[in-house]
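Novice: Following is a predicted model, sequence given first.
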Amino acid sequence: MSDYPDILALLDSKASVARDDVRRWIDAGELQTWSALYALLDRAHDRIDPQQPEGEAIEFMRRYLIRCIEENPRPGEHLLGGYQAAWALAAKLKVWRRGQKSVDILRGIAIELERIYRRGDSTTKNRILCGVMEHAFEDPALRPYFSGWDRDEDLKEAHKLALDWGVTHEDA
């Protein structure tokens, strides 16, 4: 049974959210539930009781966004399609790079995106290139996490395209 309706109700309330419930919803692994939980954590992270460590929330958001990029679900009320998730991940990378544990988080995301890119079809590769990398590369501080791509025959063209976009649209 989905916890989706329960999370939706919490989105529209001011009630606190039990951290144990958040963990249970994450562990359930149901994508629709994750979509509502992502919205809840994005909008009302401060209502989690006891407070959820920042790294725990980021880890869940990373898993949800990467999963949506890879699976490309049909978008819904809160469910992000592949490109929506890619754009959201690029925006989150720009925020997360300022965190205390950013190096490990960003390195892990870059490795995971590389893995998905290598095995993905052309549409998946396009979501990663145009949805995540180009927009992430608008922030010069994110480019080094993907530096290995420019030395790999299978990845260097994507890296060049993303870098060209990023430099042209660099954040002011």
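Specialist: Cool, the structure landed.
Novice: Show me where the protein has its strands.
Specialist: Taking DSSP state E as the test, the strands found in the chain are 17-18, 48-49.
Novice: Make TSV from the ones you listed and add distance to residue 121 and mean pLDDT to it.
Specialist: (C-beta placed from N, C-alpha, C; glycine too.) Shown next, in TSV, are these (distance: least, Cβ to Cβ, whole Å; pLDDT from 0 to 100):
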stretch	distance to residue 121	mean pLDDT
strand 17-18	38	94
strand 48-49	37	94
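Novice: for these, which one sits closest to residue 73?
Specialist: Proximity to residue 73, assessed across these by Cβ to Cβ, is greatest for strand 17-18 (24.1 Å).
Novice: so where do the helices sit in this protein?
Specialist: 4-11, 19-28, 31-44, 54-71, 82-96, 102-119, 122-126, 134-136, 156-168 (DSSP state H).
Novice: Determine the angle, from 0 to 180 degrees, between the third one and helix 54-71.
Specialist: Think helix 31-44. Angle, helix 31-44 to helix 54-71, by axes from the mean of the first three to the mean of the last three Cα atoms, to 10 degrees: 140 degrees.
Novice: What residues of helix 31-44 count as buried?
Specialist: Counting neighbours by 16 or more other Cβ atoms under 10 Å, one finds that the buried residues in helix 31-44 are 31, 32, 33, 34, 35, 36, 37, 38, 39, 40, 41, 44.
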